[in-house]
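> Structure, please.
(one chain, ligands or ions: 1)
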Amino acid sequence: MLAPMEDVSDPPFRALCKEQGADVVYTEFISSEGLIRDAAKSVMKLDIYEKERPVGIQIFGAELESMLQSVEIVEKTGPDIIDINFGCPVKKVVCKGAGAGILKDVDKMVALTDAMVKHTKLPITVKTRLGWDHDSIKIVEVAERLQDVGAKSIAIHGRTRAQMYKGEADWAPIAEVKNNPRMHIPVFGNGDVNTPEKAMEMRDRYGLDGAMIGRASIGYPWFFREVKHYFKTGEHLSPPTLSERIQAARRHLQMAIDWKGEKLGVFETRRHYTNYFKGIPHFKEYRMKMVTSDAAKDVFAVFDEVEELFGDYEFV
Ligand SMILES: Cc1cc2nc3c(=O)[nH]c(=O)nc-3n(C[C@H](O)[C@H](O)[C@H](O)COP(=O)(O)O)c2cc1C
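Next comes the predicted model:
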């Protein structure tokens, strides 16, 4: 599954990941307060397309009333899943008791999930972290309670809020959730899956129902097909050729422009270029041009130039 990632998991990127084998994709998190105020930025994030199904829309918030109203708004756009973000570690979210902030009040987390499940016919799923900090990890109990009020699956990032993104994700507590004999909903693992071997380990060693993949896919939507190929054959698929990469970068940029206009489209696609072209020697000059050009035509021109200059480059 493609993980929800702010300013990354937008429709163009989700489309590319889907084409490359992601089975389920999630939108970036969307503020329930933004949605109920009809804030344009939040509402735009609700755009989903037939070709990307099944797609989950992720929302966050701490106020029951706003979350329920948001469920009604989200429902109208017809996603396959509504996901609740109980994992965002960012201060401005946490300090309002949303995202990972709710890990300090598990009763509220369960009550919010319960009310949302009852408010919609769509499946409600949850994404969370191991706990607030190392000393307060109760994820086995928390997951069971979320299941008991009707969450249809749970995705767990193997870090606490206190860890933010530091250190290594710990998958053992996620496996404990899965191994709880009372647990029957799918349990998905998240955090640091950046090689096909790690995805395999999540499945075979930790027994999880699937992997939710975030950073490894940024600028590298081929990661999904590489994982699937490895599962099927035990071998590594050759990396995409330069022309495949250029083609993806062109389509990505064009879809982004079509979706949100030239200015934002050009700006928000930039973060993918490093990985699209990772490994090419002496590439800095071209990457710099890609990420500093404001006009789409200039970026497309760099793509053409790169294709001509590095067309024969063999990625390993
Ligand atoms: C740029 C970025 C934005 C993110 N935005 C969200 C988000 O909107 N919702 C969410 O649940 N998690 C978000 N996350 C967390 C990821 O979904 C995921 O839990 C985390 O990156 C660990 O997985 P990974 O090691 O595969 O990247 C974000 C992560 C990154 C790097």
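> what residues does stretch 140-152 touch?
Residues outside stretch 140-152 that contact it (CB atoms under 8 Å, 6 or more residues apart in numbering) are 81, 103, 106, 109-110, 113-114, 117-118, 123-126, 128, 131, 154, 156, 173, 176-177, 180, 182-187. C-beta here means a position set from N, CA and C on the backbone, and glycine is covered the same way.
> Buried residues, it. List them.
For stretch 140-152, burial by neighbour count (16 or more other CB atoms under 10 Å) applies to 140, 142-147, 149, 151-152.
> What of stretch 83-96?
Those would be 83-89, 93-94, for stretch 83-96 by 16+ other CB under 10 Å.
> With stretch 26-40 instead?
26-36.
> do the same with stretch 43-60
For stretch 43-60, a neighbour-count test (16+ other CB under 10 Å) marks 45-46, 48, 52, 55-60 as buried.
> which ones among the buried residues of stretch 83-96 are found in helices?
Using DSSP state H to define helices, the subset of those located there is 93-94.
> In a markdown table: the buried residues of stretch 83-96, plus pLDDT.
Output for the buried residues of stretch 83-96, formatted as a markdown table (pLDDT from 0 to 100):
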| residue | pLDDT |
| --- | --- |
| Asp83 | 98 |
| Ile84 | 98 |
| Asn85 | 98 |
| Phe86 | 98 |
| Gly87 | 98 |
| Cys88 | 97 |
| Pro89 | 97 |
| Val93 | 96 |
| Val94 | 96 |
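> can you put the buried residues of stretch 83-96 in CSV and add distance to the ligand?
Formatted as CSV, the buried residues of stretch 83-96 follow (distance: CB to the nearest ligand atom, whole Å):
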residue, distance to the ligand
Asp83, 8
Ile84, 9
Asn85, 5
Phe86, 8
Gly87, 5
Cys88, 6
Pro89, 9
Val93, 9
Val94, 13
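> Would you mind checking which of the buried residues of stretch 83-96 is nearest to Val193?
Checking the buried residues of stretch 83-96 against Val193 with CB to CB, the nearest one is Gly87 at 15.6 Å.
> Stretch 149-158 and the ligand, any residue contact?
Yes: on the criterion CB under 6 Å from any ligand atom, stretch 149-158 is in touch with the ligand at His157.
> before we move on, the earlier item: and the two most separated of the buried residues of stretch 43-60?
Greatest spatial distance among these (CB to CB): Glu52 and Phe60, at 20.8 Å.
> Would you enumerate the residues in contact with the residue in the stretch 201-316 of the chain positioned nearest to the ligand?
Relative to the ligand, the nearest point of the stretch 201-316 of the chain is Gly214 (2.7 Å; CB to the nearest ligand atom). Counting by CB under 8 Å, 6+ apart, Gly214 touches 2-3, 5, 190.
> out of these, which is most surrounded?
Neighbour tally across the contacts of Gly214 (other CB atoms under 10 Å): the maximum, 28 neighbours, falls on Leu2.
> from what I can see that one touches Thr27, true?
No: counting by CB atoms under 8 Å, Leu2 stays clear of Thr27, with 9.7 Å between them.
> So what's the residue count around Pro173?
17.
> Residues of this structure that sit close to the ligand?
Counting by CB under 6 Å from any ligand atom, the chain sits next to the ligand at 3-6, 8, 28-29, 58, 85, 87-88, 127, 157, 190-193, 213-216.
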